[in-house]
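**Q** only the shape, not the letters, is given here:
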Ligand SMILES: C[S@@+](CC[C@H](N)C(=O)[O-])C[C@H]1O[C@@H](n2cnc3c(N)ncnc32)[C@H](O)[C@@H]1O
């Protein structure tokens, strides 16, 4: 594949995902989702993609992440990827030609069916519901900007969506791209040991999650709530639900308007607000 040819040897060595047949992995395992990241700085993403949950998910072939250096798609002798803004003003703007060339040649025919996300502070704010939507696709492309951002024609004629990770401005789109990949990847079965955990996560359930404790039961005189040591699963479940409701009420009350609540939940909330 062209994408394989253009990725530098180092990146390919680190990130090429093979059909995995190693210990503990089914031979029939298939990639559930592929992420193509278009960036000027692929190296800043390596460590994260090789580590922990995301590293394991890649190794087991559940997800595939390909880093494409936009500079590899320049045609001029100096490999120019940016230029001064028309109309003057400070900063540089990423040129459209190498970005279009990179995305078009990597995606090929799939350009018509793959969401192409432009990371930008001006985009739609990324949140858990957006992650669930994106996780339904088997391929995602992510374009990372640098400098003042990308030429407007990338946004108009190439990107299908614009995603912001929050109302603040970072130096580049690589961290935002990692946030999207990490959040979406962990929604795929097999990426986390306990899939049920993602359903109980803050936001997925519509509420903030209850607090967690681990050993020791007493630390500097601060005790773990007695109920969690009781072994009584029903009591523990109702304590957790109550804590979850309380946290949401105190920290993010607006979430309660959309959350799925039953009669018992409403009674608990009524008691809390009396
Ligand atoms: C310095 S920023 C450019 C900001 C741009 N001049 C503006 O004011 O909208 C450079 C790049 O970082 C990325 N970036 C910065 N903040 C971001 C955010 N909150 N969400 C997503 N991407 C962001 C984008 O890819 C952007 O093109």
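**A** Ah, there it is. The shown structure was predicted, so the numbers you read here are calculated from the model rather than taken from an experiment.

**Q** tell me how the chain divides into domains.
**A** The chain breaks down by automatic domain parsing into domains covering 2-185, 206-273.

**Q** now mean neighbour count and mean pLDDT too, for those domains, in CSV please.
**A** Where C-beta positions appear, they are placed from N, C-alpha and C, glycine not excepted. Below are those laid out as CSV (neighbours: other Cβ atoms under 10 Å; pLDDT from 0 to 100):
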stretch, mean neighbour count, mean pLDDT
domain 2-185, 17, 88
domain 206-273, 13, 97
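
**Q** out of those domains, nearest to the ligand?
**A** For those, the distance to the ligand is smallest for domain 2-185, at 2.1 Å, taking Cβ to the nearest ligand atom.

**Q** what does the stretch 51-200 of the chain have sitting close to the ligand?
**A** Taking Cβ under 6 Å from any ligand atom as the criterion, the stretch 51-200 of the chain approaches the ligand at residues 119-122, 144-146, 148-150, 164-166, 168-173, 176.

**Q** just the residues you listed: which are in strands?
**A** 119, 120, 121, 122, 164 (DSSP state E).

**Q** now, which of those sits nearest residue 87?
**A** residue 122 (18.2 Å; Cβ to Cβ).

**Q** so who does the closest one touch?
**A** Residue 122 sits next to 162, 164 when contact means Cβ atoms under 8 Å, 6 or more residues apart in numbering.

**Q** do that again at 10 Å, thanks
**A** 149, 155, 162, 163, 164, 169 (Cβ atoms under 10 Å, 6 or more residues apart in numbering).

**Q** and if you look at residue 52?
**A** residue 182.

**Q** quick one, what contacts residue 225?
**A** 211, 213, 217, 236, 239, 243.

**Q** and with 8 Å instead?
**A** 213, 239.
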